[in-house]
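> Could you work out the structure for the sequence below:
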Amino acid sequence: MSRSTRFAVSLAALATMIAGAQAQPLQLPGAQPFNATGTLQAAPVQPGAPSQPRPPSMPAIKVAGEEAILGKILHRNGNHGEATFSRMASGYGMKLSLDGFRPANLVEPCSVSFGNEPLPVTAIGRPSGVPRYRLEAPICPIVFDVLDGAFLVVEPNEPCVVEAAQCRIDPRGLWGPDARTISGQAKEIESARGAAERAVREGYRTLTARSDAVEQRSIAREQAGFSAEREMICRDFQREGQLGFCAARITAARAAYLRARLGLNTEPKPAAKPKPRPAAPKPLSLTPTQ
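From the prediction side, this is the model:
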């Protein structure tokens with residue numbers, strides 16, 4: 001091969017090397033690999049970071065049972081009428097009396113007693129997440145939900161007129177203790193309401209996340225209307241402005257309702273019992289040999 005031929009071959013090889021270097025960018029040691037145009041590179045995962053965001057959930061709450069009102073004297077709005085929930089041979093019963101007004105003159109007071117002995121109540125499950133009962137009283141059938149130290153009458157939808165006594169009675173609303181008996185529990189009531197408020201907020205958030213756009217608008221209206229509904233129920237409760245007992249119990253009832261609606265277990269898990277510590281080894285006692 002002549003000298004001119006060898007020179008031409010060298011020039012061709014050098015041109016090929018330069019073209020290859022221009023096609024691939026320079027990659028320094030430790031740099032990220034080059035991605036071809038149009039491809040995406042996943043962001044590096046930080047140590048300990050969750051792979052996916054956790055779905056919204058709702059904290060568990062404690063739901064009061066029948067023992068929460070058993071044997072307690074409760075009053076409508078804390079200061080009207082009198083109700084006592086008691087145990088009977090066949091289940092539970094309630095002794096009840098109510099204040100009212102004459103139908104012909106709504107400023108003239110009257111009262112109605114449902115009898116000297118408790119009337120039986122019938123359990124009808126937990127449709128709202130709390131125990132519900134029906135008072136079998138022909139003069140004014142009552143349906144109520146059991147709360148913590150109180151009960152909420154959800155039926156009838158309007159006052160009852162007892163013809164025999166010529167008295168118009170209204171059992172609706174929250175029945176709870178006289179404010180004088182719980183005046184020292186203000187901090188406990190405030191704490192309970194705070195926990196219930198958080199549970200309600202998370203419940204609505206979880207419900208919204210599980211719903212479509214149409215249902216979400218309905219849930220938003222329901223959430224906005226709850227505060228007004230609670231205000232209507234609690235506005236006449238005795239010393240509500242100072243103690244907030246009614247609002248705390250109504251909010252807890254709504255939290256229980258939301259958990260039942262979401263199909264969640266309401267009761268919080270019991271705290272794990274601490275494991276017993278192993279007994280310390282007994283020190284060795286050396287007996288001197290004779």
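> residue ranges for the strands of the stretch 151-290 of the chain, please.
Assigned by DSSP state E, counting those that start in this stretch, the stretch 151-290 of the chain shows strands spanning 160-162, 167-169, 173-176.
> Pick the most deeply packed of these.
Highest mean neighbour count among these (mean count of other Cβ atoms under 10 Å): strand 173-176, with a mean of 26. (Each C-beta comes from the backbone N, C-alpha and C, glycine too.)
> Is it possible to get TSV of the strands of the stretch 151-290 of the chain that adds mean pLDDT and distance to residue 206?
Formatted as TSV, the strands of the stretch 151-290 of the chain follow (pLDDT from 0 to 100; distance: least, Cβ to Cβ, whole Å):
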stretch	mean pLDDT	distance to residue 206
strand 160-162	96	39
strand 167-169	97	40
strand 173-176	98	26
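> Select, out of these, the one closest to residue 64.
With Cβ to Cβ as the criterion, residue 64 lies closest to strand 173-176 of these, at 12.3 Å.
> From the rest of the structure, what touches that closest one?
Outside strand 173-176, the residues that touch it by Cβ atoms under 8 Å, 6 or more residues apart in numbering are 74-78, 81, 83, 144, 147, 149-153, 233-234, 236-237, 245-246, 249-250.
> what does stretch 233-241 give?
75, 77-79, 152, 173-174, 176, 178-179, 183, 245-247, 250.
> Recalculate using a threshold of 7 Å.
Residues outside stretch 233-241 that contact it (Cβ atoms under 7 Å, 6 or more residues apart in numbering): 77, 78, 79, 173, 174, 179, 245, 246, 247, 250.
> Find the nearest non-adjacent residue to the second one, please.
So the one you mean is residue 78. In space, and not counting its chain neighbours, residue 78 is closest to residue 238: 3.3 Å by Cβ to Cβ, 6 or more residues apart in numbering.
> Pull the number of nearby residues for the one you found.
20 (other Cβ atoms under 10 Å).
> phi, psi of it?
The phi/psi pair for residue 238 (degrees, to the nearest 10) reads phi -60, psi 120.
> Remind me which helix or strand residue 137 belongs to.
Counting by DSSP states H and E, no helix or strand carries residue 137.
> Which residues are in contact with it?
Applying Cβ under 7 Å, 6+ apart to residue 137 gives the contacts 114, 119.
> where does it land on pLDDT?
For residue 137, the pLDDT comes out at 92.
> Now it. Its backbone dihedrals?
phi -120, psi 110.
> what stretches of the stretch 101-250 of the chain score poorly on pLDDT?
Along the stretch 101-250 of the chain, the model assigns pLDDT under 70 to no residue.
> All the helices of it, residue numbers only.
When assigned using DSSP state H, counting those that start in this stretch, the helices of the stretch 101-250 of the chain occupy the ranges 186-209, 213-234, 240-243, 245-262.
> which residues touch the longest one?
So the one you mean is helix 186-209. 55-59, 61, 216, 219, 223, 243-245, 247-248, 251-252, 254-255, 258-259, 261-262.
> burial of residue 260, as a residue count?
17.
> Spatially nearest residue to it (excluding sequence neighbours)?
residue 129 (3.5 Å).
> From residue 62, how far out is the one you found?
12 Å (Cβ to Cβ, to the nearest Å).
> of those two, who's got more company?
Between residue 129 and residue 62, residue 129 has the larger neighbour count (other Cβ under 10 Å), namely 22 against 13.
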